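A.B. asks: Fold the following.
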Amino acid sequence: MDWQNVRTRLAEMRQDLHSRWSQWRARTHARYGEWREKRRLAPRAAPGAVALKWSFAGLAAAIVLILIFFDWNMLRGPLARYASHRLHRTVHIDGNLNVHIWSWTPRIEVSGLRIANTDWAGGGDMANVAHLVVTVRLMPLIAGRTILPLVDVQRSSLLVVRDRDGRSNWDFGNSVFPKKPFKLPPIHRFLVSNGKVAVIDARRNLRFSGTVSSSESTTGGGRGFWLTGTGTLNREPFVADVHGAPLLNVDESRPYPFTADVRAGGTRLTAQGAIDHPFDFGAMEAAVTFSGPDAADLYYLTGLVFPNTPPYRLDAQIVRDGEIYRFEKVAGRFGSSDVSGGFSVDASGKRLFVKGDIASRRVYFDDLGFLFGGGKGRNTAPLAPAATKRAVAAKPTITLAAASTASTQSRLLLPDAPLNVERVRQMDADIGYTAKAIVSRDFPLHSIAMRVHLDRGVLRLDPMKATLAQGTLAGHVKLDASGRVPVTAVDLRLRDLKLEQLIHPAGGAAPLEGALEARAILTGTGNSVHKAASSASGSLTFVIPEGQMRKALAELLGVNLLNGGLALLMGDQSHTRLRCGVAHFEVYDGTMAARDIVLDTDVERATGQGTVDLKTETVDMKFSGEAKSIRLLRLNAPITVTGSLTNPKVGVEASKALPQGGVAVALAALVAPLAAILPTIDPGLAKDANCGALLAEAKEKGAPVKRQAILTHNHEERLARRP
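C.D. replies: Below is the predicted model of the structure:
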């Protein structure tokens, strides 16, 4: 090492430092001299001003000392009284109140915080927090922004109550908490330990009891924030699991991502989304999946009223904008049927308002439970033995054929699942629904289009149109659930339904061919389809303007054993012309009474009478035929149809043979009212080539058909005035 160079370098450094020190001393001395000269020339302050200055300094020091050593518990009473005045609810602070103000993050601790419950909700405490700690950043707070580094809630309980009229114990008045989306400032650490929550909602028939806790961890893969809830919802297990990014990184200018998994009984809701501006819950969006055994159970989690359905799965993109929720890209399945579309939910009013359009490409008929007001399928409970006994005519019969190979035990045909009218009253809606293709083994339904209007408990399907493979069913349905007992009114028209689509022969040609026209004008009360039908009143009419019928069956209308029975046994497939068929029922209190039934063919003319009891779903009908030419081996006895609607039995009332010509005598009086019945379905039916010929024949026999035109006009006016 060259020590000479080192010593030379050190000497240069000492000289440089000495030079800089001398320059700094010179500058400092010059500035000090200037300051002393200015101070000498400046006017001296008055003694009073100096005293005032020191007084302010002393006051500030005293305030600082007071704030440092102040017992904040002295403010518990005034703060509780102020909060009670603002909330219109008694507020207590039973524990210590500590405020640590001398920090860049002031800290507030309060123990024993209680908010009283309302008397109508049971009294006691609505909220109780054993210990609460909140810290806030000082500098952003001075600038008008609130950032909470810590919120720690320990051993808390919350009771939420709402009665049937919509009155809630969390309503403190709009002046305190105006109705708007829930919003919290950014929180960097949110801890809840041993939090208990109880919800009693009489309006939604909901009861929840559980616990809530939250934590945050940066280990284990950076899971971040975690909020969990467990308990029971209407006695069913409830679990909620919410995950989010670490709260420490929360920034109001960036979305906050989260995931959620909520299970209530068999219902499950999963979501993955983001809050646009943490933590303003009025602006957020998420991809959500709903699944479960019955979509009606979503009511408890969402407040939305769905009909009863088979097992389902729905995916949707939900965007919240204030009190408006938009369900976009909805897609899923109900049972085996698909569904897609979109709708919006407006939660700003007293009742939710849902508006949108839903469509299905392929629907299976068994999944259309919503058309029946809430049934999960047909009620297969057997009828009571007494009802079954009354349904079967207590007369000797000769059984010709069974209408069904099913069990002889009667079962209900109309669904008896009750409609939850309380739910219907809590939501308004304007929803369009279309099903492009419908798969059914028993009914030739092709497509459905309807508009569902729900307003203050009044449900209307208007317009409603179902397209059959050939033919249409159109009209409107109104269900008024605004009162104690729902009232249902229907006015439906069936046009051009081909009978060969309804009757599937075991072999050979169809026994009956032609177009069926029908109209139903009915009103009934009850909270299910079966109950409404059991009390229904109105009219039901079926007309076959023209068609064909297997000749063997037409002969049997008059129990012509030689012509009809032999032809049937020989497999005769020949047809005879069906000139006109009319069946008109007057319905009162659930009983359909046959007023006018006529089936006119080229070989036989038959008339019928009897009743259908919709309460027990049993039938007791009798048909009498008249041959249009001389027939050998003609029994001329009434044909009976008895039993349940799902399993009717056809027989012959052998104990009562009719005298020849009896039907002809009654024909004029029976056919005459048809002039008033036919126009209620279609004004053109009364002029049809075949039905018109039957009316002309009745006129020739002395029936006052012309007078029926007046009755027809009056009848149509009465129909127009019906709801």
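A.B. asks: what about this structure, any weak spots by pLDDT?
C.D. replies: 1-3, 6, 39-70, 174-180, 218-223, 369-412, 502-510, 551-574, 627-637, 652-723 (pLDDT under 70).
A.B. asks: first to last residue in stretch 501-517, what's the distance?
C.D. replies: 14 Å (CA to CA, to the nearest Å).
A.B. asks: Okay, buried residues for stretch 325-342 please.
C.D. replies: Across stretch 325-342, burial judged by 16 or more other CB atoms under 10 Å covers 325, 326, 327, 330, 332, 333, 334, 337, 338, 339, 340, 341. To be clear about C-beta, it is placed using only N, CA and C from the backbone, and glycine gets the same treatment.
A.B. asks: Run the chain-centre distance for that stretch.
C.D. replies: In terms of CA atoms, centre = their mean, to the nearest Å, the gap separating the centre of stretch 325-342 from the centre of its chain is 13 Å.
A.B. asks: before we move on, what about stretch 455-471?
C.D. replies: Here the centre of mass of C-alpha atoms in stretch 455-471, compared against the chain's by CA atoms, centre = their mean, lies 17 Å away.
A.B. asks: Alpha carbons of it, as PDB, please.
C.D. replies: In PDB, the C-alpha atoms belonging to stretch 455-471 read as follows (Å, rounded to 0.1, in the frame of the first residue of the first chain):
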ATOM      1  CA  ASP A 455    -100.500  -6.100  -9.400                       C
ATOM      2  CA  ARG A 456    -101.300  -5.900  -5.700                       C
ATOM      3  CA  GLY A 457    -102.200  -9.500  -5.500                       C
ATOM      4  CA  VAL A 458    -104.200  -9.800  -8.800                       C
ATOM      5  CA  LEU A 459    -102.600 -12.200 -11.200                       C
ATOM      6  CA  ARG A 460    -103.600 -12.100 -14.900                       C
ATOM      7  CA  LEU A 461    -102.500 -14.300 -17.800                       C
ATOM      8  CA  ASP A 462    -103.500 -11.900 -20.600                       C
ATOM      9  CA  PRO A 463    -103.100 -12.700 -23.400                       C
ATOM     10  CA  MET A 464    -102.600 -16.400 -23.100                       C
ATOM     11  CA  LYS A 465    -102.300 -18.600 -26.200                       C
ATOM     12  CA  ALA A 466    -101.400 -22.200 -26.600                       C
ATOM     13  CA  THR A 467    -100.800 -23.700 -30.000                       C
ATOM     14  CA  LEU A 468    -101.700 -27.300 -30.500                       C
ATOM     15  CA  ALA A 469    -100.400 -29.500 -33.300                       C
ATOM     16  CA  GLN A 470    -103.600 -28.400 -35.000                       C
ATOM     17  CA  GLY A 471    -105.700 -25.900 -33.300                       C
END
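A.B. asks: And the contacts of it?
C.D. replies: The list of residues contacting stretch 455-471 from outside it, by CB atoms under 8 Å, 6 or more residues apart in numbering, reads 351, 421, 424-425, 428, 444-454, 472-482, 492, 494-498, 501, 515-516.
A.B. asks: which among those end up buried?
C.D. replies: When neighbours are counted using 16+ other CB under 10 Å, the contacts of stretch 455-471 contain these buried positions: 351, 421, 424-425, 428, 444-454, 473-481, 492, 494-495, 497-498, 515-516.
A.B. asks: from these, which ones fall inside helices?
C.D. replies: Counted as lying in helices by DSSP state H, out of those, are 421, 424.
A.B. asks: In strands, which of the contacts of stretch 455-471 appear?
C.D. replies: Where the contacts of stretch 455-471 overlap with strands, as defined by DSSP state E, the overlap consists of 428, 445-454, 472-480, 492, 494-498, 515-516.
A.B. asks: Assign residue 34 to helix, strand or coil.
C.D. replies: On the three-state scheme (DSSP: H, G, I helix; E, B strand; the rest coil), residue 34 is labelled helix.
A.B. asks: That one: neighbour count?
C.D. replies: When neighbours are defined as other CB atoms under 10 Å, residue 34 has 10 of them.
A.B. asks: With residue 36 instead?
C.D. replies: A count of nearby residues for residue 36, using other CB under 10 Å, gives 10.
A.B. asks: how close does residue 485 get to residue 532?
C.D. replies: Using CB to CB, to the nearest Å, one obtains 10 Å as the distance from residue 485 to residue 532.
A.B. asks: hmm, back to that, can you put the buried residues of stretch 325-342 in JSON lines and add secondary structure and distance to residue 85?
C.D. replies: Rendered in JSON lines, the data for these read as follows (DSSP: H, G, I helix; E, B strand; the rest coil; distance: CB to CB, whole Å):
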{"residue": "325", "secondary structure": "strand", "distance to residue 85": "35"}
{"residue": "326", "secondary structure": "strand", "distance to residue 85": "40"}
{"residue": "327", "secondary structure": "strand", "distance to residue 85": "42"}
{"residue": "330", "secondary structure": "strand", "distance to residue 85": "47"}
{"residue": "332", "secondary structure": "strand", "distance to residue 85": "50"}
{"residue": "333", "secondary structure": "strand", "distance to residue 85": "55"}
{"residue": "334", "secondary structure": "strand", "distance to residue 85": "52"}
{"residue": "337", "secondary structure": "strand", "distance to residue 85": "57"}
{"residue": "338", "secondary structure": "strand", "distance to residue 85": "57"}
{"residue": "339", "secondary structure": "strand", "distance to residue 85": "52"}
{"residue": "340", "secondary structure": "strand", "distance to residue 85": "53"}
{"residue": "341", "secondary structure": "strand", "distance to residue 85": "49"}
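A.B. asks: between those, which is nearest residue 293?
C.D. replies: Out of the buried residues of stretch 325-342, the one with the shortest distance to residue 293 is residue 334. That distance is 11.3 Å, counting by CB to CB.
A.B. asks: returning to that earlier point: report the set of residues contacting both of residue 485 and residue 532.
C.D. replies: Contact with both residue 485 and residue 532 is made by residues 525, 526, according to CB under 8 Å, 6+ apart.
A.B. asks: Thank you, goodbye.
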